[in-house]
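Engineer: how does the following fold in three dimensions:
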Amino acid sequence: MELRNTKLEQLFYIYHRNLKYRCPMQYLTKRGFNLQDLLSVGGGLAYLGEKQWLNLSLYNFNNQLVGFLSRKVGFEKKFLYLPINKPPSKSESFLGLKHLPTETNTIYLVEGDFDWLAFRKGGILNCLPLCGLTLSDKQMKFFQQSKIEKVVLCLDNDFAGKVAAANLERILKNAGFQVKVVQLKGKVKDWNELLLLYPKNWAKALRDHLAL
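Structural biologist: A predicted model of the protein is given here:
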């Protein structure tokens, strides 16, 4: 894996020197991340329809790669599930599942891919993104089979996120899980925004907000 990352870093360095590949790197930097944050979870860069996309890997419950979540680089927030002709089932997979520690009995759930990267950057590795606001029955069953006992809901600080957190709290408790809801304070919308407020001491800030 280390050898693979080294080769990818060299390749991305060459890309970065080319003007047309600077935009994705600048986009990552503005969101508080660096190249290694992307590469460490099997991320990459893709071109589709002459547009640049950041790719993150989707794995099924057997840790098999089944596709990619692609985020469009730019101001417009747009996502695609790849391959387009046979998109992976969101209800039967998780973004970055392969990188979830197996020895944990607690899982942190966030809404988006960049929220997930922010948690990992802060040292909270037992985290998964919903890539939305719902959790499927198959995903909950996977948690039960994986001996997950406690779920910490860390959704966005907006109306939709608060409603979803309340719904998920009820559903998860009915399924037998211990549930904790962590709500962001003030006008901070999500965990990626919080990262941008505390770039130099992010690990401490994240743990403080999670009351760890």
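Engineer: for the strand or helix carrying residue 22, which positions count as buried?
Structural biologist: Here residue 22, judged by DSSP states H and E, is contained in helix 22-30. Applying a neighbour-count criterion of 16 or more other Cβ atoms under 10 Å, the buried positions in helix 22-30 are 24, 25, 27, 28. All C-beta spots, glycine's among them, are computed from the backbone N, C-alpha and C.
Engineer: cool, stretch 39-53 as well?
Structural biologist: Here stretch 39-53 shows 39, 40, 41, 42, 43, 44, 45, 52, 53 as buried, counting by 16+ other Cβ under 10 Å.
Engineer: go on, stretch 164-179?
Structural biologist: 164, 165, 168, 169, 172, 177, 179.
Engineer: re earlier: make JSON lines from the buried residues of helix 22-30 and add distance to residue 189 to it.
Structural biologist: JSON lines is the format used below for the buried residues of helix 22-30 (distance: Cβ to Cβ, whole Å):
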{"residue": "24", "distance to residue 189": "23"}
{"residue": "25", "distance to residue 189": "24"}
{"residue": "27", "distance to residue 189": "18"}
{"residue": "28", "distance to residue 189": "19"}
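Engineer: is residue 55 in a helix, a strand, or coil?
Structural biologist: Taking DSSP: H, G, I helix; E, B strand; the rest coil as the rule, one finds residue 55 in the strand state.
Engineer: sorry, wrong one. I was asking about residue 172.
Structural biologist: Per three-state DSSP, residue 172 ends up helix.
Engineer: that one: what's it in contact with?
Structural biologist: 135, 140, 151, 153, 179 (Cβ atoms under 8 Å, 6 or more residues apart in numbering).
Engineer: phi and psi next, for the closest residue to the first one other than its chain neighbours.
Structural biologist: Right, residue 135. Closest residue to residue 135 apart from its sequence neighbours, by Cβ to Cβ, 6 or more residues apart in numbering: residue 168 at 6.0 Å. Main-chain torsions, residue 168, degrees, to the nearest 10: phi -70, psi -40.
Engineer: who are the contact partners of residue 168?
Structural biologist: 109, 134, 135, 153, 155, 179.
Engineer: over to stretch 79-91 now: how far is its first residue from its last?
Structural biologist: Start to finish, the residues bounding stretch 79-91 are 16 Å apart (Cα to Cα, to the nearest Å).
Engineer: how far out from the middle of the chain is stretch 55-74?
Structural biologist: Remark: stretch 55-74 is offset 10 Å from the chain centroid, using Cα atoms, centre = their mean, to the nearest Å.
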